[in-house]
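# quick one, fold the following:
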Amino acid sequence: MCTLVDFTGLRDALNEDTFTVFAPVNDAFDAIEARLANTEPDADTLRNILLYHAVADAKILADDLVCDTNVMMANSEETKTVCINNEIFQVGNGNSDPLPKIIAKDGISCNGIVHAIDQVMLPGEDLPATDAPTLAPTNATECESLDQIICSLPEFETLCALLGDAELLDDIGGDEVFTIFAPVNSAFESLPEELANTVTSDPELLAKVLLSHAVSGEIFSVDLECGAEVFMVSGEETTTVCIEGQIFQSGAGNTFSSLPKIVASDGVSCNGVIHAVDQIILPPL
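Okay, the predicted model is just below:
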């Protein structure tokens, strides 16, 4: 970062004015080196990126950062403070995965504060789109239960099979009302093999993981509150995380790189609501 500050002519400003700087470590720049090379950035582009890591005329300690709020940066674009499992991330408009995490905080200088982050905050780019299933019953003229909808959609083939293995299909197909955060097939495929084998070979653990995707009662996407806790049927808590207009439902066992994102929402059945997620919601295992 020091080399780029000199190259873009920002050293004098950082010496003279007051800033809070979110400073990427060397590995953060190494991680986007190929991306920057492909775009052939000039000094102005790099200057804009560096200014996206500074808050002008402010000394902001880590305790001053408020979860799920925006921070205006020195290039006049906003970043967002995201809190996940007691870790703080400062997320740019162009960040998706991994997110820039504060790994050292509150370095105090004569004219400001420095926080070290492990990824570069990227401004002004759209997050990649995700293929989403259509959460619609197979028979539009007849109301279908949660289990019927899940087991009729090819995106939930693995979920349907595991619900059967755990003897939970009758439970979600009965009269009781549930909200299901339903993992698509690729969510199970992305689990580490050892973890997947551990979960599927233990019926009690499998049921706990699957029930960590279910809430008693109906919860539509508009009912989810950023930063709020949601109690699952398994007895575990999950957290609703909002990042750049996208909603994630995170379990205590999820890391920032495996946050379950809602990729389709508000599928209505006779006895509840379905939201499709792209990762497994993991309780503490």
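
# next helix or strand past the worst-scoring helix or strand of the chain on mean pLDDT?
Lowest mean confidence among the helices and strands of the chain (mean pLDDT, DSSP states H and E): helix 33-39, at a mean of 55. For helix 33-39, the succeeding helix or strand toward the C-terminus, using DSSP states H and E, is helix 43-51.

# that following helix: which residues count as buried?
Leu46, Arg47, Asn48, Ile49, Leu50, Leu51 (16 or more other CB atoms under 10 Å). C-beta: built from backbone N, CA, C; applies to glycine.

# then stretch 105-116?
Neighbour-count burial for stretch 105-116 [16+ other CB under 10 Å]: Lys105, Gly112, Ile113, His115, Ala116.

# make CSV out of these and add distance to Val55, pLDDT and secondary structure.
Output for those, formatted as CSV (distance: CB to CB, whole Å; pLDDT from 0 to 100; DSSP: H, G, I helix; E, B strand; the rest coil):
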residue, distance to Val55, pLDDT, secondary structure
Lys105, 14, 95, strand
Gly112, 9, 94, strand
Ile113, 9, 96, strand
His115, 10, 97, strand
Ala116, 15, 97, strand
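
# quick one: which of these is nearest Val82?
His115 (13.9 Å; CB to CB).

# mind listing the residues bridging to the closest one?
On the basis of DSSP bridges, His115 is bridged to Phe22.

# which residues of the stretch 151-285 of the chain fall in helices?
Counting by DSSP state H, counting those that start in this stretch, the stretch 151-285 of the chain has helices at residues 157-165, 169-172, 185-189, 193-201, 203-211.

# the ones you listed into a markdown table, with extra columns for mean neighbour count and mean pLDDT?
Formatted as a markdown table, the helices of the stretch 151-285 of the chain follow (neighbours: other CB atoms under 10 Å; pLDDT from 0 to 100):
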| stretch | mean neighbour count | mean pLDDT |
| --- | --- | --- |
| helix 157-165 | 17 | 94 |
| helix 169-172 | 18 | 92 |
| helix 185-189 | 16 | 91 |
| helix 193-201 | 13 | 89 |
| helix 203-211 | 18 | 93 |
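
# select, out of these, the one closest to Leu14.
Nearest to Leu14, of all the helices of the stretch 151-285 of the chain, is helix 185-189, at 43.3 Å by CB to CB.
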